[in-house]
Every structure is written in C-alpha cells, then in structure tokens.
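>>> Dropping the sequence and predicted coords here.
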Amino acid sequence: MKRTAIFLVISVFLFSCKKEKTSTIVGNWVEEANYTASTSGANTWEPASRFPFHISFTGEGEYSSYNDVPAGHGTYQYNPATNDLQLMPAGSPVVYNNKVSLLNEDYVILDYYSNGVMEKRTKFRKQ
C-alpha cells in the first residue's frame with residue numbers, strides 16, 4: 001500500500017508538470033503593420049507597404065534584412081529578461097535600440113527608440 005501511494009504521488013507530480021513553450025526571436029520575420037499617429041491624435045495600425053521589410057535572426061547572434069533590395073546585416077543582442085534588442089549594423093558604430101513589446105510563436109512587435117523616445121512600432125509575422 002505504501003509503495004502504491006508513493007508511486008501515485010510521483011506519477012501525479014511528473015504528469016502535472018508541463019514544460020512551458022518559450023518563444024524565440026530566432027527565425028525569419030516579415031513586416032505586417034506599423035503603428036502610426038494620425039493628425040487626430042489616434043494611433044492606429046497601418047498595413048505594411050507593397051515591399052514589406054524582412055528581417056532574419058540567427059541563433060549565432062547575426063541578422064540580415066531586406067525589402068525589395070538588401071537593407072543591411074550585422075549582429076544583434078537580445079535580452080529576454082528586459083526585452084531589449086540591439087541591432088549593430090556591420091561596419092557601422094551605430095546601435096539601434098529596440099524593445100520587444102510582444103513575442104510569441106507567430107508575431108513579434110519591435111519598438112524602435114531614439115534618445116529614450118519610441119519613434120516607431122512595427123509588427124512582424126513569422127514566416
């Protein structure tokens with residue numbers, strides 16, 4: 001009886017623990033919409049242009065991007081704890097600071113900041 005009780009407790013513990021699925025920024029993403037301010041003061045999502053921006057992140061910390069032509073490549077650093085995403089274009093001292101405001105299996109929303117002010121919000125869909 002004691003063995004059965006121990007077996008049941010261990011079984012319940014093992015089967016009740018689910019592994020959480022963590023989303024990753026690694027992959028290919030295509031621009032779907034941009035968040036813009038209108039003259040009325042209402043912010044809305046506008047569809048991407050005819051030539052949407054594409055960006056790919058590798059597991060080795062590199063990125064590449066294009067729309068209708070190559071748009072750049074370099075390295076990136078992503079901190080999931082703070083949601084900070086820094087893009088460092090190859091051959092440039094510039095660092096683009098972004099915040100990841102949403103990341104799941106299907107979408108990522110990147111907020112671009114300059115001098116501490118959000119200038120652009122872009123929604124990407126995973127390809």
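Ah, there it is. Predicted, not measured: the structure shown is a model, and the values here were computed from it. Numbering: from 1, shown residues only.
>>> so the residue nearest the centre of the chain, which of the three states?
The centroid of the chain falls nearest to residue 108 when counting by C-alpha atoms, centre = their mean (3.9 Å). With DSSP: H, G, I helix; E, B strand; the rest coil as the basis, residue 108 sits in strand.
>>> and it, how far is that from residue 40?
28 Å (C-beta to C-beta, to the nearest Å). (C-beta placed from N, C-alpha, C; glycine too.)
>>> Pretty sure residue 123 sits against residue 109.
Yes. Counting by C-beta atoms under 8 Å, residue 123 does reach residue 109; the two are 5.0 Å apart.
>>> Could you pull out the residues contacting both of the two?
When contacts are counted by C-beta atoms under 8 Å, 6 or more residues apart in numbering, residue 123 and residue 109 are jointly contacted by residue 102.
>>> Just give the nearest non-adjacent residue to residue 112, would you?
residue 120 (4.3 Å; C-beta to C-beta, 6 or more residues apart in numbering).
>>> one step back: so who does the residue nearest to the centre of the chain touch?
25, 29, 100, 102, 123, 124, 126.
>>> same thing with residue 73?
Neighbouring residues of residue 73 by C-beta under 8 Å, 6+ apart: 62, 63, 64, 65, 89, 90.
>>> Okay, and it sits in which element?
Assigned by DSSP states H and E, residue 73 belongs to strand 70-79.
>>> Now do the same for that strand: mean pLDDT, whole number.
Averaged over strand 70-79, pLDDT sits at 97.
>>> Which of the contacts of residue 73 has the largest number of neighbours?
The residue in the contacts of residue 73 with the most neighbours, by other C-beta atoms under 10 Å, is residue 63 (22 neighbours).
>>> Which members of the contacts of residue 108 are classed as buried?
25, 29, 100, 123, 124, 126 (16 or more other C-beta atoms under 10 Å).
>>> What residues of the host helix or strand of the fifth one count as buried?
Element membership of residue 124, judged by DSSP H and E, is strand 117-126. By neighbour count with 16+ other C-beta under 10 Å, strand 117-126 contains the buried residues 121, 122, 123, 124, 126.
>>> Distance to residue 94 and pLDDT added to the residues you listed, as a markdown table?
A markdown table is the format used below for the buried residues of strand 117-126 (distance: C-beta to C-beta, whole Å; pLDDT from 0 to 100):
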| residue | distance to residue 94 | pLDDT |
| --- | --- | --- |
| 121 | 20 | 94 |
| 122 | 18 | 97 |
| 123 | 24 | 98 |
| 124 | 21 | 98 |
| 126 | 26 | 98 |
